[in-house]
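Novice: Provide a 3D model corresponding to the input given below.
(4 chains)
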4 protein chains.
Amino acid sequence: WFSTPIRVGVTEMEEILARVVAPLPAYETREKSPPVPDSNSLELMRFYRSLDKENKVGFLTKLSQDFGVDHKSVSELAVKLLDNQLRDLATVLQVEDRLRYSLTPRYKQLLNHISRVESGVKFLVDLRSDVLEIISAKAIESPNIRELNSMLKSLLSEWFSVGLLQLERITWQSPCEILQKISQYEAVHPIRNWTDLKRRVGPYRRCYAFTHAAMPGEPLVVLHVALTEEISDNIQSIVREFATLESEEDVNKINAAVFYSISSTQAGLQGVELGNYLIKRVVRELQSEFPHMTQFSSLSPIPGFSSWLQGLLSQYRKEGRGSDLLSEQEWKAVEQATKSSPETLALDALRKLTSTSEWMHSERLSHVLEPVLMRLCAWYLYGEKRRGYALNPVANFHLQNGATMWRLNWHADTSPRGVANSCGIMVNYRYFLNDTSNNSARYLQNKVISASEQVLGLVSQFQKNSKL
Amino acid sequence: WFSTPIRVGVTEMEEILARVVAPLPAYETREKSPPVPDSNSLELMRFYRSLDKENKVGFLTKLSQDFGVDHKSVSELAVKLLDNQLRDLATVLQVEDRLRYSLTPRYKQLLNHISRVESGVKFLVDLRSDVLEIISAKAIESPNIRELNSMLKSLLSEWFSVGLLQLERITWQSPCEILQKISQYEAVHPIRNWTDLKRRVGPYRRCYAFTHAAMPGEPLVVLHVALTEEISDNIQSIVREFATLESEEDVNKINAAVFYSISSTQAGLQGVELGNYLIKRVVRELQSEFPHMTQFSSLSPIPGFSSWLQGLLSQYRKEGRGSDLLSEQEWKAVEQATKSSPETLALDALRKLTSTSEWMHSERLSHVLEPVLMRLCAWYLYGEKRRGYALNPVANFHLQNGATMWRLNWHADTSPRGVANSCGIMVNYRYFLNDTSNNSARYLQNKVISASEQVLGLVSQFQKNSKL
Amino acid sequence: WFSTPIRVGVTEMEEILARVVAPLPAYETREKSPPVPDSNSLELMRFYRSLDKENKVGFLTKLSQDFGVDHKSVSELAVKLLDNQLRDLATVLQVEDRLRYSLTPRYKQLLNHISRVESGVKFLVDLRSDVLEIISAKAIESPNIRELNSMLKSLLSEWFSVGLLQLERITWQSPCEILQKISQYEAVHPIRNWTDLKRRVGPYRRCYAFTHAAMPGEPLVVLHVALTEEISDNIQSIVREFATLESEEDVNKINAAVFYSISSTQAGLQGVELGNYLIKRVVRELQSEFPHMTQFSSLSPIPGFSSWLQGLLSQYRKEGRGSDLLSEQEWKAVEQATKSSPETLALDALRKLTSTSEWMHSERLSHVLEPVLMRLCAWYLYGEKRRGYALNPVANFHLQNGATMWRLNWHADTSPRGVANSCGIMVNYRYFLNDTSNNSARYLQNKVISASEQVLGLVSQFQKNSKL
Amino acid sequence: WFSTPIRVGVTEMEEILARVVAPLPAYETREKSPPVPDSNSLELMRFYRSLDKENKVGFLTKLSQDFGVDHKSVSELAVKLLDNQLRDLATVLQVEDRLRYSLTPRYKQLLNHISRVESGVKFLVDLRSDVLEIISAKAIESPNIRELNSMLKSLLSEWFSVGLLQLERITWQSPCEILQKISQYEAVHPIRNWTDLKRRVGPYRRCYAFTHAAMPGEPLVVLHVALTEEISDNIQSIVREFATLESEEDVNKINAAVFYSISSTQAGLQGVELGNYLIKRVVRELQSEFPHMTQFSSLSPIPGFSSWLQGLLSQYRKEGRGSDLLSEQEWKAVEQATKSSPETLALDALRKLTSTSEWMHSERLSHVLEPVLMRLCAWYLYGEKRRGYALNPVANFHLQNGATMWRLNWHADTSPRGVANSCGIMVNYRYFLNDTSNNSARYLQNKVISASEQVLGLVSQFQKNSKL
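Specialist: Here you go, the predicted structure:
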């Protein structure tokens, strides 16, 4: 990002911005501003795209600082509003409306104009992606950039409102262009080749995406579903089993819908809720296709568990609290299996063991580790929080949607990636359709997690051991 | 509207509103509000639709008054903002953002939720149509209703942003459903039967509409274009000439595109600019189909001219200023033709004459009236203003778009409707593509009308006679 | 047809035919004939279309006579074949193949070429329609024209083989072009306006058509279906009841599919079975949409019954056999109702009565006539034959398809047309899916009609009275 | 094919055939045969598909022998026809028609029925492919099998008549299903991966296919076109140059259309002309897209040249006629380059040299071989015949279409395959649109090849050397 030293002449940038970002019209004449010619927006888009990353930062900083809200006029109106407290309602409403208008950043009009030209919306989505990258890189600390982000998010939220999204089912008959993108965007369980892809849109599978009229041919969020006899407890049976390719679906073998991958494709739409709505729409779609279907569940990865585990073990070692994690019997088993001896060393051994995937190949080690890792993982998902909500982002997503943390599955993802991320454990977040609305409200408002007995059992085992 | 006396129990209405319109979440937790179930929105939509007109007024009044902006929190933040004037930028921006947030009416969330359910956007378009009707009926005087209107308009402007609209060419192969609507919506030159309709989408004609993903099958604004050898000077040659139905287009006979009808179909989208953008898109479309085409013009009706003329004649009679309108020679001609004698009587005769369409059938009367009516009409279009802009709404529309008032056409619409509205006169607003951008800016900002020599000549004749 | 006296120069016609209809290549080089340029076919099509009807007859006569089979070479091969009787199989087969080839009329190649150019297939369909008209007008008696007809039919049968037809469901979303044609082609129960049309493709109705890749936008055969609670016994409830227009279908009210109109649109496809296959395809389609549906039936007109009845009455009067038709009691009732007296006069009265629709308005007359007309009609349908098959063409069509003559319905079509054609009686041909195959075979091979007890009962009443 | 020893019980096969293949109805009742139930055809298709290859041979043999033409009735009619020679035309035509009917093999009806059920047409295409394989494998010598082939071909020719084919342009937006097939079917210049494929349907490329309503999603014949500045003289610039992938087409750089690959995909449609028509349709399509385009040419491989060359060299060696092939100078050059010495050895050296691709890597060898191989190749294409037509099948195809043998290109396909097949030489068959019709006729009827001066020059050089 920040390597290229060639700077666009500041003059050129200022000149273009001054020309293209019109001043906010006076409140009275706000509906009488002449239409901005498309060429303005197109020029700006071309200019921005030609910039290297450093200059993009410069451009966005300048745009957000010099073409933002006119603070002076805001405070004048604030004064007026306070003056007006005693006057009639009509006046109050009018001053409020003026205040609201004066709180519009000058650049907002520009964003609106850009949205109207061809591929303008896509440009703004990508622009916000740049803004987010700047914010997270903390390259500069600018409250104006944050304001720009917030304005962009609010505009994009309107444009990508669910009523404007189209649900598309992706099949082998879909255009190659869209299938290639589906393949590229699949981050959760990478698609290795076109046979693999064909299977993910073939029998016993459904692939849905939201698309948007302003970004044709571009799937915004993609949901992969497996239609199974019962809720799957491992991912290999879904993404590696080739038997299904030519078979025809037998509707009698379809009792459950397993959401095994959901990917957002546009970094610039971060925070614009799409995934949640996609899951709900797909549930409706599946219910109308399979009226008898009652089981809906995710089969989700647990990114971050392994590194959290390593951190935990380090900390316990430092604090000498190894005995709080495993029972005596368990420590013994670890010692025997790893041929280490006293407690601390066993903790080291455990840490080393779980930092690679070798233990997977030993049935004995695997057997020893299962109860330990399962209850630690349950705690990680259920007990670890960030501002009161689940720390794990996938858990947080499904819990917000109203799902129940339903089942942890041992040996569920034995791929190198699965073992590295979460010791091969995966989790089902189950959607009990009658409860999602309540669950969601309780989670969002009271931070209460809905969980099954299996999960709660594992959590309480962890707590007992850890004396929590 | 206001006839039905049965009132919905106020309690029921209040109960539903209280349940469905959630309070605005605190600023801090504004992104943590649980998703509102679709059933809420659906219930409200059903309820509203079941109301009679009087109860709708009651409902909208209550909604806008009791679920609007929290003025107290706005003033608190205004106080805070003024306190904060001396502090750092980040704090200023944050208080401004809180202020902006607090200026959101509580019902805005509801509108957003409704937009997400099926046919919710259409519901809001129709809701605004009701709001506009209440405002224009002046049934009640409520600043809150105006605020509701303004909120709805702003939301609809985002959703119906041009980037989200689809241009559709309507042909005889288009779905019957859409063609029937095209037929119903055509207000300018009514379509009499399906043969008539077939011709308007047949050879030497183009019919375009904007549609929107959230309102499938619903044309929002429709533009009818005739492809002609030269810019048409009368409408009958376009809508009544049946020779074209079976013929194939000869591209060599196509030099001009005449926009002879543009209709907005959704009352609720008033003020959301669509027509302007549709004309521009269609010009681009036609240029790509006919690269050699250079003449683009409307052939427009002049609604209001006849009634303005009657008013003018009445007033001049009252003020005894008849001589200011016609030259002596002209008065004589009127006297002779109408067999009336002294001046005042001639004015009466003229007024009576122009109040019906009989003069059209007499070549002599027609000949006498042509110069008089043409220059009065030119003045009506060019000289009569409302807040500085053209009084005639069609003129105002095309002038805002940057068109030039190009040619008044005598005997251009000899249908009863045409004679009744504008003594059969029509006008071409011509789009000189290189000038529209400038014209539009000069009109909107400086109220300068771009007009041809013919129009200016007629205007100056009027002024000379009228001693203006 | 045969009025226009202007004749195309015979020379021109001969010249074009000689140029365009290439000689049949020798058997050996039959696959080495150079491709015929499309321009040949296009020229011939243009030429033929420019002819008036008389010249078309001339053209077709010449084509079929002068460019048919080479009889000489056929007989030479016949001689050779008989010579070869004793030789080996390979030789026999080869001579047979040569014989088969030599039996190809020279013009067949031309027809093949025409089928390849744009709208060539449609041209041939229309050409055959002309040929059929010539044959049925008996303007000329030419076995060659019959041969041409038979060749065309055989080619069209190949091209319009069911595997090449597309089933299209016609709805209000279908292109206007196709819906207008559906409206025009509906001969059985004419569609009066577009609201009427909208209803016939709306809820509780299905409209299906076969189309063909070579004739896009042209429905070939159209089937209208009403979805009802029970098999309809009158047509007005289907084509005149407007309640259904806006309602949504309630699947629980749909138990029966009533085929109330089937129309072939292309005269030139006479004898190419399409209607039969369309009904079968539609049954499959409906079964997949409504798995519980078990009742499939037509509600069919009985064209020809009234005129047959008039003929019968005339003949009985001539033969003085009135008493064979009605029982004494019935005659008395007729006498009373018509105020006529002795038998012969009653026969006259009956004849007169049934020749107009007035009796329909009298409940008493209607009551008297019901049993009489019902049993006569049953006999007409069941007992009157042409070459052993049902004389009534609609009956013959459904019986060939394997339907059962299921129920005669009194007062089933009270429209003027319905009364004029069949005294208001209609009939259901019911499709019992398990029996159609057998029924069809028994009818086609043994001329046995499958009929219900109601029908057989009426027939036997007729026979008893008539002493048959 | 012929390895599996398990035989289906002959009884079962006979039983099914006897049941499913109905006897030919009598001529008089040929239109009164009951419709055959689809289940018959479906059963037969299932049965046939379940057979192994050996049993398929048995099945087809039995079908064609036992259910063919009734020879007895044919000869009876032949007798009758000869008797009837003196009688009237109507009788002659009728007996001919009976004869024609009696020449129909009994199984033809079955084939017709199969064509009507779903995927029946595809079944027959594949069936013919089996028949062709049997014939070419000469596993059995059966004139009946040939007759079956000929019947199938004639039926398929009707169904796949050009008027029933749809031209589809294949792009990156086409369904994945069809693009994957395009990729599989490309035999001429294999497609290596999906990027490769994307390029072949991307800018400066066109890919067209004929599809058929009865075989949806199945391209029947595929034509790849490169749009170039001038007629390409090598294939690598077309299939290996990656620069074009993202660029936009510049219409000013498009002067020529180069058909660089044409593939038929259905073995069972052998002899049914599709490629010829596809080229013609594509030319029309390109002319309408690029009205200024005048150069149309293939860039074609020369399969068989290398093996013909090896044969030629062997034969000349055997006959001691080496001196007839190369000039003295050329022999010397070969000797020097290959370090061999006397004539015969040089011939051996030459043979060895051209049997691998090593010489390609030596500029010197390449230089020596160019004139020799070019004139031998010209002779191979122009002079070598089979039944009077070009021996090389690709040449024969384009010459039949009316193309001119225009230019031989040295180093035109340097891929291993290209060198192995034709020493890297390729040829342009150029389509001069005004001449194709004449060229085609002259080639097909008089076996005259249209060739350019370059080609004729090379041929005459060959003849001079070879003393031909």
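Novice: name the helices or strands packed onto the longest helix that chain A contains?
Specialist: Criterion DSSP state H: the longest helix present in chain A is helix A:363-383. Helix A:363-383 is packed against helix A:305-319, helix A:328-338, helix A:343-355, strand A:404-409, helix A:453-466, with contacts defined by 3 or more Cβ pairs under 8 Å, 6 or more residues apart in numbering or on different chains; DSSP states H and E. To be clear about C-beta, it is placed using only N, CA and C from the backbone, and glycine gets the same treatment.
Novice: Can you lay out these as JSON lines showing mean pLDDT, distance to residue B:442 and mean neighbour count?
Specialist: Output for the helices and strands packed on helix A:363-383, formatted as JSON lines (pLDDT from 0 to 100; distance: least, Cβ to Cβ, whole Å; neighbours: other Cβ atoms under 10 Å in any protein chain shown):
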{"stretch": "helix A:305-319", "mean pLDDT": "91", "distance to residue B:442": "64", "mean neighbour count": "15"}
{"stretch": "helix A:328-338", "mean pLDDT": "84", "distance to residue B:442": "84", "mean neighbour count": "16"}
{"stretch": "helix A:343-355", "mean pLDDT": "81", "distance to residue B:442": "73", "mean neighbour count": "19"}
{"stretch": "strand A:404-409", "mean pLDDT": "97", "distance to residue B:442": "64", "mean neighbour count": "22"}
{"stretch": "helix A:453-466", "mean pLDDT": "92", "distance to residue B:442": "70", "mean neighbour count": "17"}
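Novice: that older thread, the longest helix of chain A: what's the following helix or strand?
Specialist: Per DSSP states H and E, the first helix or strand lying C-terminal to helix A:363-383 is strand A:385-386.
Novice: now the worst-scoring helix or strand of chain A on mean pLDDT and helix A:363-383, what's the angle there?
Specialist: Sorting the helices and strands of chain A by mean pLDDT, DSSP states H and E puts helix A:343-355 at the bottom, at a mean of 81. Angle of helix A:343-355 versus helix A:363-383, following axes from the mean of the first three to the mean of the last three Cα atoms, to 10 degrees, is 90 degrees.
Novice: Which strands or helices does helix A:343-355 pack on?
Specialist: helix A:305-319, helix A:328-338, helix A:363-383.
Novice: Now distance to residue C:33 too, for the ones you listed, in JSON lines please.
Specialist: Formatted as JSON lines, the helices and strands packed on helix A:343-355 follow (distance: least, Cβ to Cβ, whole Å):
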{"stretch": "helix A:305-319", "distance to residue C:33": "76"}
{"stretch": "helix A:328-338", "distance to residue C:33": "85"}
{"stretch": "helix A:363-383", "distance to residue C:33": "76"}
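Novice: what's the closest of the ones you listed to residue D:112?
Specialist: helix A:363-383 (64.1 Å; Cβ to Cβ).
Novice: which stretches of the stretch 151-300 of chain A form helices?
Specialist: A:176-185, A:194-200, A:236-239, A:275-289 (DSSP state H, counting those that start in this stretch).
Novice: Which among those helices is found nearest to chain B?
Specialist: helix A:275-289 (6.5 Å; Cβ to the nearest Cβ).
Novice: which stretches of the stretch 51-200 of chain A form strands?
Specialist: When assigned using DSSP state E, counting those that start in this stretch, the strands of the stretch 51-200 of chain A occupy the ranges A:165-169.
Novice: Near chain B, which residues of it are found?
Specialist: With Cβ under 8 Å from any Cβ of the partner chain as the criterion, the stretch 51-200 of chain A comes near chain B at residues A:69, A:71, A:74-75, A:78-79, A:81-82, A:85, A:89-90, A:92-94, A:96-97, A:99-100, A:103, A:112, A:115-117, A:120-121, A:143-144, A:146-147, A:150, A:155, A:158-159, A:161-166.
Novice: Centre of the chain to the longest helix of chain A, how far?
Specialist: Distance of helix A:363-383 from the chain centroid (Cα atoms, centre = their mean, to the nearest Å) equals 26 Å.
Novice: do stretch A:322-340 as well
Specialist: Centroid displacement of stretch A:322-340 relative to its chain, using Cα atoms, centre = their mean, is 37 Å.
Novice: what's the answer for stretch A:288-296, then?
Specialist: 27 Å.
Novice: Could I get the buried residue list for it?
Specialist: A:293, A:295-296 (16 or more other Cβ atoms under 10 Å in any protein chain shown).
Novice: taking those one by one, which sit in strands?
Specialist: A:295-296 (DSSP state E).
Novice: Can you say which of the helices of the stretch 151-300 of chain A is nearest to chain C?
Specialist: helix A:275-289 (13.1 Å).
Novice: export that closest one as CSV, just CAs?
Specialist: The C-alpha trace of helix A:275-289 is given here as CSV (Å, rounded to 0.1, in the frame of the first residue of the first chain):
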residue,chain,number,x,y,z
GLY,A,275,-25.8,-12.6,4.9
ASN,A,276,-28.5,-12.6,7.5
TYR,A,277,-31.2,-11.7,4.9
LEU,A,278,-29.8,-14.3,2.5
ILE,A,279,-30.1,-17.1,5.0
LYS,A,280,-33.7,-16.1,5.7
ARG,A,281,-34.7,-15.9,2.0
VAL,A,282,-33.0,-19.2,1.3
VAL,A,283,-34.9,-20.8,4.2
ARG,A,284,-38.2,-19.6,2.6
GLU,A,285,-37.1,-20.8,-0.8
LEU,A,286,-36.2,-24.3,0.6
GLN,A,287,-39.4,-24.5,2.5
SER,A,288,-41.4,-23.9,-0.6
GLU,A,289,-39.3,-26.5,-2.5
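Novice: If we go by neighbour counts, what in that helix is buried?
Specialist: For helix A:275-289, a neighbour-count test (16+ other Cβ under 10 Å) marks A:275-283, A:285-286 as buried.
Novice: show me what contacts residue A:256?
Specialist: Applying Cβ atoms under 8 Å, 6 or more residues apart in numbering or on different chains to residue A:256 gives the contacts A:227-232, A:293, A:295-297.
Novice: how about 7 Å then?
Specialist: By Cβ atoms under 7 Å, 6 or more residues apart in numbering or on different chains, the contact list for residue A:256 reads A:228-231, A:295, A:297.
Novice: if we can go back for a sec, can you tell me which of the buried residues of stretch A:288-296 is closest to residue A:253?
Specialist: Distances from residue A:253 to the buried residues of stretch A:288-296, taken by Cβ to Cβ, are shortest for residue A:293, at 11.7 Å.
Novice: quick one: the closest one and residue B:444, what's the gap?
Specialist: Using Cβ to Cβ, to the nearest Å, one gets 58 Å for the distance from residue A:293 to residue B:444.
Novice: and the residues of the stretch 51-200 of chain A next to chain B, which are buried?
Specialist: A:69, A:71, A:74-75, A:78, A:81, A:92-94, A:96-97, A:99-100, A:103, A:112, A:115-117, A:120-121, A:143-144, A:146-147, A:150, A:155, A:158-159, A:161-165.
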